[in-house]
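Chemist: next input, structure requested:
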Amino acid sequence: MRSDKIKKGLKRLPHRALLYATGLSRKDFDKPFIGIATSFTDLIPGHIGMRDLERFIERGICSGGGVPFLFGIPGICDGLAMGHLGMCYPLALRELVADAIEAVVCAHQLDGIVCLTNCDKITPGMLMGIVRLNIPAIVVTAGPMLSGRYKMRKLAFVHDTFEALARAKKGEISKEDLSCLEEEACPGAGSCQGLYTANTMACLTEAMGLSLVGCATALAISAKKRRIAQASGERIVELVRRNIKPLDIINEKSLENAIVIDMALGGSTNTVLHLMAIANEAKIDLKLKTFDKISRNTPHITNLEPAGPYFMEDLEYAGGIPAIMKRLKDKLHNCFTLSGKRIYDIADSAEIFDEEVIRPLNKVYHKEGGIAVLFGNLAPDGCVVKQTAVSQKMLKFIGKAHVFNSEEEAMKAILGNRINKGTCIVIRYEGPSGGPGMREMLAPTSAIVGLGLAEDVALITDGRFSGGTKGPCIGHVSPEASKGGPIAILKDGDIIEINIPKRKLEVKLSKEEIQKRLKNWKPFPPKVKTGYLARYSKLVSSADKGAILL
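Modeler: Below is the predicted model:
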């Protein structure tokens, strides 16, 4: 066992003394040492229930014949970080999470690891870490939150808080109702109820085969989630004994399976960044164009928040990810999973309990998948849009640019009613390096929806969008402004054309004019000059490469 390096032989007498200090008995030294990387924190609703799940994972490891060791992983709540300097940190945290997994596991020579995770950038960070280490590992996502309730109406975090803010400004919601919404929208533990980044990544983790069957959609408060946690603890000991590692599971085909499931669900655009980063750790050359190729050939068969009326709890009761696999079996590769089952076995054993939540292929919500990748003179290296959250009317759009150099500038104009119909809002210098940290633009996009402008205004940015974003919002514009991408030289009044069916994003300028402006362009000074973000800004790659550290 790997852990023999810290527990066997005369030279390891001091090491054993330290391990005895933790409470180990002599017989424990003949068992696998299993780390439980837990991202429990009181700060994140998606993580507050993890103390309970830790117990069940420990129970499973002990039942399987291993020795569990809990250690902490930092977490950030994207919702709490939104709309201020804090949003510079979540994507940057992803790299810290991967590094923390590497550091703790390698320093202590653990035999295997269970990753207990849930929210947005923590899950991909843990996946990056276990793929990099390539020791036996399994992921437990802590599960979705139940929908809120107010006056018998189901509530979702984004729709009933971020979008409600703008509606309240218009006088459409009373102070009493607004007060109740903020109390009732998030009723307890779990990741936010829609198909935002946390839940999308949980679904893709299961689709890739790195968590047990049913893990992604099992609700945070459920006994089913406890059982999955315990079974995962038992399974990791078996994985150690059989020496089954993440790179036995993660390959080009399993990543393609994840993209197929992503497109069918209509998941968050952030998954493009995360899957590319995971592929990078696995030394797999995953291209941005692959997402678009798969999207064109994968139907959108669910319609969850924020694009549609259904919630993660509805997907769970309709059959979860196995049911999605059953529907799309012919489009999936028959890959091996950590559960010991192959994808086709899981699909064949699944049942679909609601034909509206998971539609048949002759009644799809959209013929193409959730994400489209656009190119053009404004995004030579590409950009992304959640096309299934865009109305038919706005799939093609031509408008005048209204340019802002930060999210705060844009929010001030939006809430100040200074955005006219037919405008293409441009928010730049918010990319991976320029942001730094590629902030999510949920606040401005939700404000646009709340003000009733979703079918009259478009938004493009070199930053990101939350999984809760809907409407013609195009992100990840590459190259970013701080690196001299064409988005840096846009001016108010420039005509921008968006054509999602033709995968085009262009500014109506001649090549000569673009080159002239680029020649005269001068970069902004760094927004952050000290600390981790300053280092991150210097090392991070562009969005079209997954915003990885170089």
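Chemist: secondary structure class for L247?
Modeler: Secondary structure assignment for L247 (DSSP: H, G, I helix; E, B strand; the rest coil): helix.
Chemist: contacts only, for it.
Modeler: By C-beta atoms under 8 Å, 6 or more residues apart in numbering, the residues touching L247 are 131, 134, 282. Backbone N, C-alpha and C define where each C-beta goes, glycine included.
Chemist: and L146, helix, strand or coil?
Modeler: Three-state assignment for L146 (three-state DSSP): coil.
Chemist: against P306, how distant is it?
Modeler: Remark: distance between L146 and P306 (C-beta to C-beta, to the nearest Å) = 17 Å.
Chemist: neighbour count: these two, which is higher?
Modeler: The residue with more neighbours, out of L146 and P306, is P306; 28 against 20, by other C-beta atoms under 10 Å.
Chemist: any idea how far apart the tips of stretch 261-277 sit?
Modeler: End-to-end distance for stretch 261-277, by C-alpha to C-alpha, to the nearest Å: 18 Å.
Chemist: that stretch: how far from the chain's middle?
Modeler: Chain-centre distance of stretch 261-277: 7 Å, with C-alpha atoms, centre = their mean, to the nearest Å.
Chemist: got a list of what the closest residue to S268 other than its chain neighbours touches?
Modeler: Ranked by C-beta to C-beta, 6 or more residues apart in numbering and with sequence neighbours excluded, the top spatial neighbour of S268 is G467, at 2.9 Å. Contact partners of G467, counting by C-beta under 8 Å, 6+ apart, are 120, 194-200, 267-270, 306.
Chemist: repeat that for 7 Å
Modeler: Going by C-beta atoms under 7 Å, 6 or more residues apart in numbering, G467 touches 195-197, 200, 267-268, 270.
Chemist: again, but for G72
Modeler: So G72 contacts T38 (C-beta under 7 Å, 6+ apart).
Chemist: please enumerate the helices of the stretch 1-150 of the chain.
Modeler: Ranges of helices in the stretch 1-150 of the chain, per DSSP state H, counting those that start in this stretch, are 4-7, 13-21, 50-64, 78-81, 90-108, 122-133.
Chemist: and what of the stretch 151-300 of the chain?
Modeler: Using DSSP H, counting those that start in this stretch, the helices of the stretch 151-300 of the chain run over 157, 163-169, 175-184, 197-208, 223-242, 252-265, 270-281, 288-296.
Chemist: buried deepest among the ones you listed, which one?
Modeler: Mean neighbour count (mean count of other C-beta atoms under 10 Å) peaks for helix 197-208 among those, with a mean of 30.
Chemist: what packs against that helix?
Modeler: Packing partners of helix 197-208 (3 or more C-beta pairs under 7 Å, 6 or more residues apart in numbering; DSSP states H and E): helix 122-133, strand 137-141, helix 252-265, helix 270-281, helix 320-327.
Chemist: what's the mean pLDDT across the shortest one?
Modeler: It refers to strand 137-141. Mean pLDDT, strand 137-141: 98.
Chemist: helix or strand with the lowest mean pLDDT in the chain?
Modeler: Ranking every helix and strand in the chain by mean pLDDT, DSSP states H and E puts helix 163-169 at the bottom, with a mean of 78.
Chemist: show me the contact partners of it.
Modeler: By C-beta under 7 Å, 6+ apart, helix 163-169 touches 173, 178, 181, 415, 446-447, 449-451.
Chemist: hmm, which two among those residues are most spread apart?
Modeler: Farthest pair in the contacts of helix 163-169 (C-beta to C-beta) is L181 and L415. Separation: 18.2 Å.
Chemist: now do stretch 482-493: distance from first to last residue.
Modeler: Per C-alpha to C-alpha, the first residue of stretch 482-493 is 21 Å away from its last.
Chemist: let me fix that: stretch 147-163
Modeler: First-to-last distance for stretch 147-163 - C-alpha to C-alpha - comes to 16 Å.
Chemist: what sits closest to E252 if chain neighbours are left out?
Modeler: With C-beta to C-beta, 6+ apart, the residue lying closest to E252 is I284, at 5.7 Å.
Chemist: so where's the chain shaky on pLDDT?
Modeler: Across the chain, residues meeting the criterion (pLDDT under 70) sit at 468.
Chemist: mind putting the contacts of L247 in CSV, distance to G64 and neighbour count included?
Modeler: Output for those, formatted as CSV (distance: C-beta to C-beta, whole Å; neighbours: other C-beta atoms under 10 Å):
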residue, distance to G64, neighbour count
V131, 23, 25
N134, 21, 14
A282, 27, 21
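Chemist: mind putting these in TSV, distance to A231 included?
Modeler: Below are those laid out as TSV (distance: C-beta to C-beta, whole Å):
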residue	distance to A231
V131	22
N134	23
A282	25
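Chemist: closest to R517 out of the residues you listed?
Modeler: Looking across these and measuring by C-beta to C-beta, the closest to R517 is A282, at 39.5 Å.
Chemist: how about the closest one, what does it touch?
Modeler: So A282 contacts 131, 247, 250 (C-beta under 7 Å, 6+ apart).
Chemist: kindly recompute the last result at 6 Å.
Modeler: 131, 250 (C-beta atoms under 6 Å, 6 or more residues apart in numbering).
Chemist: so G437 is in which element?
Modeler: Using DSSP states H and E, G437 sits within no helix or strand.
Chemist: check whether it really touches C88, as I assumed.
Modeler: Yes: using C-beta atoms under 6 Å, G437 is in contact with C88, at 3.6 Å.
Chemist: and those two? which has more neighbours close in?
Modeler: Comparing G437 with C88 by other C-beta under 10 Å, the one with more neighbours is G437, at 31 against 21.
Chemist: what distance do you get for that one to M201?
Modeler: Applying C-beta to C-beta, the value for G437 to M201 is 18 Å.
Chemist: ditto for M87
Modeler: Distance, M87 to M201, using C-beta to C-beta: 18 Å.
Chemist: now N243
Modeler: 27 Å.
Chemist: on that earlier part again, rebuild the helices of the stretch 151-300 of the chain as JSON lines, extending it with distance to A323.
Modeler: Shown next, in JSON lines, are these (distance: least, C-beta to C-beta, whole Å):
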{"stretch": "helix 157", "distance to A323": "24"}
{"stretch": "helix 163-169", "distance to A323": "29"}
{"stretch": "helix 175-184", "distance to A323": "29"}
{"stretch": "helix 197-208", "distance to A323": "12"}
{"stretch": "helix 223-242", "distance to A323": "15"}
{"stretch": "helix 252-265", "distance to A323": "11"}
{"stretch": "helix 270-281", "distance to A323": "20"}
{"stretch": "helix 288-296", "distance to A323": "20"}
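Chemist: hmm, N334 and N257 touching each other?
Modeler: No: when contacts are counted by C-beta under 6 Å, N257 is not listed as touching N334 (9.4 Å).
Chemist: mind listing what the residue nearest to I221 when sequence neighbours are not counted touches?
Modeler: Using C-beta to C-beta, 6+ apart and skipping the chain neighbours, the partner closest in space to I221 is A189 (6.1 Å). Counting by C-beta under 6 Å, 6+ apart, A189 touches 48-49, 220.
Chemist: 8 Å instead, please
Modeler: 45-46, 48-49, 142, 145, 220-221.
Chemist: what residues sit buried inside stretch 500-508?
Modeler: For stretch 500-508, burial by neighbour count (16 or more other C-beta atoms under 10 Å) applies to 500, 503-507.
Chemist: same question for stretch 76-86.
Modeler: 76-79, 81-83.
Chemist: much appreciated, bye for now.
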